[in-house]
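> got a predicted model here, sequence first, then my questions.
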Amino acid sequence: MRGLVQEFVVRDYGGVKGGVVHAVSGVSFDVWPGETLGIVGETGSGKSTLARSVLQAPRPKEGTVVFRGADLVTLRGSRLLQARRHLQMVFQDPFGSLDPKWKVRDLVAEPLIAYRVGDRAARRHRVDQVLELVGLDPAAHGDRRPRELSGGQAQRVAIARALAIEPAMIICDEPVSSLDVLIQAQVLNLFERLRAELGLSYLFIAHDLALVKQVSDRVAVMYLGKLCEVGPGEEVYRQPLHPYTRALLDSVPGSTTALATKTIRGEPPSPVHPPSGCRFRTRCPRAEQRCADEEPAMRELAAGHSVACHFPLVPAADTQARSEEKIGDTPR
Amino acid sequence: MNTVSGPLLEVENLKVSFPGRRGELRAVNGMSYSLYSQQTLAIVGESGSGKTVSCRALMGLLPQAAVVTGSVRFAGAELLGLTDDEMRRHRGTNLAMVFQDPSRSLNPTMKVGNQIAEAVRVHRRVSKAEAREQAIELLRLVHIPVPGRRFHEYPHQLSGGMRQRIMIAIALACRPKLLIADEATTALDVTTQAQIMELLLELRAELGMTLMLISHDLGLARSCADEVIVMYAGQIVEQASTPQLFTHVRMPYTEALFEAIPRLERPAHSPLPVIGGRPPDLSALPVGCSFAPRCRRAADDCRTTAPPLAEHEPGHRWACWHPCGDGDPNLWTLRCCRCAAWSRSSWSGTMAG
């Protein structure tokens, strides 16, 4: 499998008078075979739009999505369908994405039929195979309908469905957010096992930082339609370079900094009128005039660790100073 | 009522059940706890563990069909069995609640300011102008910028975090002594969640409130609460002060919850220790401990006799015959380091939930 390169430049939902929503603006990243790229960001940062743009549903306004050598944006009709075969998606709410009237077996077989894979017997065999793979018993669960399943089981069906036609990459949009902690852990372990056994790549989207770190090789942080930081998971969490990443990490309940007294103020501005220059500048503690005038470009500060910020959190000295500050003002 | 010494809220053997076609659904099975003034208590558990139902029972907000027994005393006064009118006098002034989804609890066709003023007028005899003044004061209290202008806006014009602030303002309209926040930050982003929690803790100090947080998030409980109650299948399975609970887990269920949470400290791709199975059917609870079928420490006695919730150590209650970490004070830390080494194979057997 060749490396995946996806690039978007300005993704506009337009048409409606009164403004254009800049949902995803000029986002570029690669996902390598067998790699998991995690994307974190707040609600409305454009994570889900990004995922859907990769799948061309709907097509991005600009940019390229190169998957296994073919640019999906330029493909049409059956050629797009064939190219997209190895790119599957798992959504947040399994009950919303599975037809409640269908049996599990038929749900999982549907993509096989759509791509005309094998004959009836072969398909049946494959369905049993993937159900086993995701930890469901074909005999016990195959003839059930979604409402007869628990949340975790239903999400497994959704995953089995995505796996049925042997994809190379799965796009997961908040796949475990609707599940309870214990079930969530089971599903996360399943993702890990499948990655190891089938060599899958994931584009893993979630708002939970710890969860993204758990499954990802590299993590990308998104804010208001743009990536602000990309780097190896450990690096990004240990040594965040972008002030927004730092703020996100400080907001995690139960983190070592507890309820940080330095939580960022305010709320994200409207994506219809994003701020000039750096989009985070309106909430950034380090913002200066330059941030308003000039948009920071993505630049690589350490191996594989890039940041889009004029004034990145300088490693070593600065982080130390910050942690000391925090010890000084303990919450409550 | 502040003169009353002793706990602000005393819940004793609270049981809630819903009659149904397949038999009685026992949502809460005998909860007892006390909450002292100005404390922050977190109740954590999975969905269906009875967290919300038990709190709605305190507020008298359960549907007619619910059968509630036991005793709930607020500053010495019994709340269960009160008529709607009598209960209304407690609600707002003594106890108030903030719900999970602000967009569904606010009236979309009414200005937010008027919704706050309404809450003021329901409980106090004040003029419209006065209620308005108080509403603006409340908006200021929950740190809404330009309260005079926000007063005239509708819920759809506000962001999720702002709406939750409005909900808090409504709950605070009559300066309640106890504020129950039912998953108040679950629907919000981490940064907004941190802001709202900060606000709640600040208000607690400022107004001398007692806070009850209902959440599925142990991390939240850890950073905000003084005391934590863990619920499973309608029962309290463990209760301790926050530092105690997070360093000396005793109940295997709490331990399983802890371990299953992806944490920033964990290395990437390390398998999460999970337990199989799912919570029991509340209309057919097992005879012994309700967690026994999923518990890795379960023995024969667990399946025949339910362990009582007892205070085994000062300030630490748990309901288990075979608690973890007997004689090992550093258990929690040890386990943390160990889970990374747990091999996938040992857990794949429990995967088929």
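Received the coordinates, thanks.

> C-alpha from now on. contacts and neighbour counts both.
Will do.

> how many other residues sit next to B:Leu141?
The tally of other residues near B:Leu141 (other CA atoms under 10 Å in any protein chain shown) stands at 17.

> where does the closest residue to it other than its chain neighbours sit: helix, strand or coil?
Nearest residue to B:Leu141, sequence neighbours excluded (CA to CA, 6 or more residues apart in numbering or on different chains): B:Ala169, at 7.6 Å. Under DSSP: H, G, I helix; E, B strand; the rest coil, B:Ala169 falls in the helix class.

> may I see the buried residues of the helix or strand where B:Ala119 lies?
Per DSSP states H and E, B:Ala119 falls inside helix B:112-123. Within helix B:112-123, the residues scored as buried using 16 or more other CA atoms under 10 Å in any protein chain shown are B:112-121, B:123.

> show me what it is in contact with.
B:89, B:92-93, B:106-107, B:126-128, B:131-132, B:134-136, B:150-155, B:166, B:169-170, B:173-174 (CA atoms under 8 Å, 6 or more residues apart in numbering or on different chains).

> buried ones among these?
Buried members of the contacts of helix B:112-123, counted by 16+ other CA under 10 Å: B:92-93, B:106, B:131-132, B:134-136, B:150-151, B:154-155, B:166, B:169-170, B:173-174.

> looking at those, which are in helices?
Using DSSP state H, the subset of the buried ones among the contacts of helix B:112-123 located in helices is B:131-132, B:134-136, B:150, B:166, B:169-170.

> how about these in CSV, adding pLDDT?
Compiled in CSV, those are given as follows (pLDDT from 0 to 100):
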residue, pLDDT
B:Ala131, 94
B:Arg132, 94
B:Gln134, 93
B:Ala135, 94
B:Ile136, 94
B:Arg150, 91
B:Ile166, 93
B:Ala169, 93
B:Ile170, 93
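
> what is the neighbour count of B:Pro307?
B:Pro307 has 18 neighbouring residues, counting by other CA under 10 Å.

> quick one: contacts for it?
By CA under 8 Å, 6+ apart, the residues touching B:Pro307 are B:288-289, B:319-321.

> redo that, cut-off 10 Å
Counting by CA atoms under 10 Å, 6 or more residues apart in numbering or on different chains, B:Pro307 makes contact with B:237, B:288-290, B:301, B:318-322.

> buried among those residues? Need that as a selection in PyMOL.
Filtering the contacts of B:Pro307 down to the buried ones (16+ other CA under 10 Å) takes a single PyMOL command:
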select buried, chain B and resi 237+288+289+290+318+319+320+321+322
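
> from the contacts of B:Pro307, which land in strands?
Those of the contacts of B:Pro307 mapping onto strands are B:237, B:318, per DSSP state E.

> for the residue nearest the centre of chain B, pull up the helix or strand it's in.
Nearest residue to the geometric centre of chain B (CA atoms, centre = their mean): B:Ile214, 1.6 Å. Here B:Ile214 sits within strand B:210-215, counting by DSSP H and E.

> show me what that strand is packed up against.
Applying 3 or more CA pairs under 10 Å, 6 or more residues apart in numbering or on different chains; DSSP states H and E, one finds that strand B:210-215 makes contact with strand B:25-35, strand B:40-44, helix B:51-59, strand B:95-98, strand B:178-182, helix B:190-207, helix B:218-224, strand B:227-232.

> what comes up buried for stretch B:17-33?
Neighbour-count burial for stretch B:17-33, counted by 16+ other CA under 10 Å, picks out B:17-18, B:25-32.

> how about it as PDB, C-alpha atoms only?
What follows is stretch B:17-33 as a C-alpha-only set of coordinates in PDB (Å, rounded to 0.1, in the frame of the first residue of the first chain):
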ATOM      1  CA  SER B  17     -38.600   0.700  41.600                       C
ATOM      2  CA  PHE B  18     -40.800   0.800  38.500                       C
ATOM      3  CA  PRO B  19     -43.500  -1.700  38.000                       C
ATOM      4  CA  GLY B  20     -43.300  -3.200  34.500                       C
ATOM      5  CA  ARG B  21     -44.600  -6.000  32.400                       C
ATOM      6  CA  ARG B  22     -41.600  -8.200  33.000                       C
ATOM      7  CA  GLY B  23     -41.700  -7.600  36.800                       C
ATOM      8  CA  GLU B  24     -40.500  -4.900  39.000                       C
ATOM      9  CA  LEU B  25     -37.500  -2.900  37.700                       C
ATOM     10  CA  ARG B  26     -35.400  -2.100  40.700                       C
ATOM     11  CA  ALA B  27     -33.500   1.000  39.700                       C
ATOM     12  CA  VAL B  28     -32.200   1.900  43.200                       C
ATOM     13  CA  ASN B  29     -31.800  -0.900  45.800                       C
ATOM     14  CA  GLY B  30     -31.200   0.600  49.200                       C
ATOM     15  CA  MET B  31     -28.900   3.600  49.100                       C
ATOM     16  CA  SER B  32     -27.800   5.200  52.400                       C
ATOM     17  CA  TYR B  33     -25.500   8.100  52.700                       C
END
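
> thought B:Ser47 was touching the residue nearest to the centre of chain B, still the case?
No - using CA atoms under 10 Å, B:Ile214 is not in contact with B:Ser47, being 11.1 Å away.

> which residues of the stretch 1-150 of chain A lie near chain B?
Those residues of the stretch 1-150 of chain A that sit near chain B, judged by CA under 10 Å from any CA of the partner chain, are A:36, A:41-43, A:132, A:134-137, A:150.
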